[in-house]
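Enquirer: Sequence and predicted structure are below.
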Amino acid sequence: MFRTLLLLALMVFAASASAQQAEPLKVGTVNRPPFSMAADGDPTGFSIDLWSGLAERMGRSYDFVIFDSFSDMLAAAETGQVDAAIANISITAERELTLDFSQPIFSAGLQVLIHDDGTGSTSVWKILLSKDILIAVGLAFGLLLGGGMLMWHFERGRQPYFDLAPREALFPAFWWALNLVVNGGFEERMPRSPAGRFFGVLLVISSLFIVSVFVAKITSVMTVEAINTSIGGLNDLYGKRVGTVERSTAADFLDRREMRYEGYGDPATMLTEFAEGELDALVYDAPILAYYANNEGDGTTRLAGPIFLRESYGIALPSGSDLAEEINQALLNMREDGSYDVIYRNWFGDADR
């Protein structure tokens, strides 16, 4: 009797395990190009191709569940609503408290994405058309025109060059003052009136200081503008308009560095704001920023500085999941037979990993 009951229990257990094996796995993912994205209504990307290879080796069928947000996907994995979640999911100590992870499926990190004018440096035209430069140039023109017209007032009727009506004298007077400042004046148009001679000497002496101040102003503005707009890496982001995704490892990193940033609910919104010029730089997962720069940046963006805060992506599982061993075994098989490398090169080329 005991043997019969034991046999029946084993048969029931085997039937239950077989039924669970036959039931399609629910795999959560979220839009994160190039790891997961929609193409003609179907999910595609590095993570999608990798999971297909893993499932084939595990002999499992599956259905993808597309979530609207990264946090919803992780919450579904934590509560067991899905059997696994795959995307650019960083393996962190905090997440390990409520989730299990597979062996790493991707080695990544954080990087900085900035706007690029095509030369890799600050645009000269942007500097020349800045507010401070325009004000300085405007004041210089005003001083030259005012000084020239004052000399016209003193010299009118005393020499033919200044014997003009006020409107006709505007450019000749300006030209005379410009030549006085740049070349020391016209010898043949030396002032003849006492007031004109006194004012001419005053202009020659003061022009030395005016030119020096003007050049110094232009130089300082261009230097400050270049410093303020140039971003070579992470340390240049203080005081800039920086964006990242809320509750991401990048956001945690910026918080630890006490760096101000604008947080977004998803990368798509963040990238849109960046493309529209609302942000100076982005700090986020390096492969996602690199994919955007190479495929959607239209040559107007570039990565600044090296990858930092190296991290690994893994497949998130409910705590205590029996799938972990199966996934890890299949992942090792894919690395050993080269199929992992084929998928990697298909999405990232021969980039260093």
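Expert: That came through fine.
Enquirer: Can I get the strand or helix carrying W51 as CSV, trimmed to CA atoms?
Expert: Using DSSP states H and E, W51 maps to helix 46-58. Extracted C-alpha coordinates of helix 46-58, given in CSV (Å, rounded to 0.1, in the frame of the first residue of the first chain):
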residue,chain,number,x,y,z
PHE,A,46,19.6,42.2,-28.2
SER,A,47,17.7,41.0,-25.1
ILE,A,48,14.9,39.6,-27.2
ASP,A,49,17.3,37.6,-29.4
LEU,A,50,19.3,36.4,-26.4
TRP,A,51,16.1,35.2,-24.7
SER,A,52,15.0,33.3,-27.8
GLY,A,53,18.4,31.5,-27.8
LEU,A,54,18.1,30.7,-24.1
ALA,A,55,14.5,29.4,-24.4
GLU,A,56,15.5,27.2,-27.3
ARG,A,57,18.2,25.5,-25.3
MET,A,58,15.9,25.2,-22.2
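Enquirer: Can we start the residue count at 157 from this point?
Expert: Noted, 157 is the first residue going forward, which turns the last one into helix 202-214.
Enquirer: who does that helix touch, helix- and strand-wise?
Expert: strand 181-186, strand 218-223, helix 479-493, helix 495-504 (3 or more C-beta pairs under 8 Å, 6 or more residues apart in numbering; DSSP states H and E). (Glycine included, C-beta is placed from N, CA and C.)
Enquirer: Could you verify that L473 is part of a strand?
Expert: Yes - looking at L473 with DSSP: H, G, I helix; E, B strand; the rest coil, it is inside a strand.
Enquirer: wait, doesn't it sit right on E481?
Expert: No - using C-beta atoms under 8 Å as the test, L473 is too far from E481 to be in contact (10.6 Å).
Enquirer: Tell me the confidence at the nearest residue to L336 once chain neighbours are set aside?
Expert: Spatial nearest neighbour of L336, excluding adjacent residues (C-beta to C-beta, 6 or more residues apart in numbering): L359 at 5.6 Å. On pLDDT, L359 comes in at 74.
Enquirer: I'd like the next helix or strand past the helix or strand containing L359.
Expert: Element membership for L359, per DSSP H and E: helix 350-385. The C-terminal neighbour of helix 350-385 among helices and strands, as given by DSSP H and E, is strand 398-401.
Enquirer: Show residues contacting that following strand.
Expert: Here strand 398-401 makes contact (C-beta atoms under 8 Å, 6 or more residues apart in numbering) with 226, 406-407, 410, 415-423, 426, 429-430, 435-440.
Enquirer: ChimeraX command for the buried members of the residues you listed?
Expert: Of the contacts of strand 398-401, the buried ones go into a single ChimeraX selection, burial set by 16 or more other C-beta atoms under 10 Å:
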select :226,406,407,410,415,417,420,422,423,426,429,430,435,436,437,438,439,440
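Enquirer: quick one: which of the contacts of strand 398-401 sit in strands?
Expert: Judged by DSSP state E, strands contain the following of those: 418-420, 437-440.
Enquirer: Can you lay out these as TSV showing distance to R491 and pLDDT?
Expert: Below are the ones in strands among the contacts of strand 398-401 laid out as TSV (distance: C-beta to C-beta, whole Å; pLDDT from 0 to 100):
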residue	distance to R491	pLDDT
E418	39	95
G419	36	95
Y420	34	95
A437	35	93
L438	31	95
V439	30	95
Y440	27	95
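Enquirer: Contact partners for the nearest residue to L445 once chain neighbours are set aside?
Expert: Nearest residue to L445, sequence neighbours excluded (C-beta to C-beta, 6+ apart): L269, at 4.3 Å. Residues near L269 by C-beta under 8 Å, 6+ apart: 430, 437-438, 440, 445, 448-449, 457-460.
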